[in-house]
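# Curious how this folds, go ahead:
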Amino acid sequence: MVWQELLTIPYGNTITYSRQSHQMKNPLAIRAIAAANGKNNLWVIVPCHRVIGSNGSLTGYAGGLWRKKWLLDHEARLTGVGQTTLPF
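This is a model prediction of the structure:
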């Protein structure tokens, strides 16, 4: 179910782990959802790189944080939308 939710995140956009848990109607499952994202072996196909920390930080990515940042920057450049961190 967690990976299915990842597939709904539009290309070039990000959401937080908290938002993902609320979208899944299970706001107390943030850690379990983050753990399921972390077990994603199909990280380019199932875009767990589009999920960021609530404070806008790039957290936890099996492919390495440098690759997560690169993928988000790449998608943002191609679409002209999106961001790698949340503006505060």
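
# Per-residue confidence, residue 84, what does it come out as?
With respect to pLDDT, residue 84 scores 54.

# Please apply the same query to residue 31.
Per the predicted model, pLDDT is 92 at residue 31.

# For it, give its distance to residue 46.
Using Cβ to Cβ, to the nearest Å, residue 31 is found at 19 Å from residue 46. Every C-beta, even on glycine, is put in place using the N, C-alpha and C of the backbone.

# May I see the buried residues of the biggest helix by length in the chain?
Counting residues, the longest helix in the chain under DSSP state H turns out to be helix 65-79. Using 16 or more other Cβ atoms under 10 Å as the burial criterion, the residues of helix 65-79 that qualify are 68, 71-72, 75-76.

# Repeat that for stretch 53-64.
58-61.

# of all these, which two lie farthest apart?
Based on Cβ to Cβ, the longest span within the buried residues of stretch 53-64 runs between 58 and 60 and measures 8.5 Å.

# now, which of the buried residues of stretch 53-64 sits nearest residue 16?
For the buried residues of stretch 53-64, the nearest to residue 16 is residue 59 (9.8 Å; Cβ to Cβ).

# I'd assumed residue 53 was in contact with that closest one.
Yes - counting by Cβ atoms under 8 Å, residue 53 is a contact partner of residue 59 at 4.4 Å.

# residues near the residue lying closest to residue 9 once chain neighbours are set aside, how many?
With Cβ to Cβ, 6 or more residues apart in numbering as the criterion, residue 9 has its nearest non-adjacent residue at 4.4 Å, and that residue is residue 50. By the criterion of other Cβ atoms under 10 Å, residue 50 has 21 neighbours.
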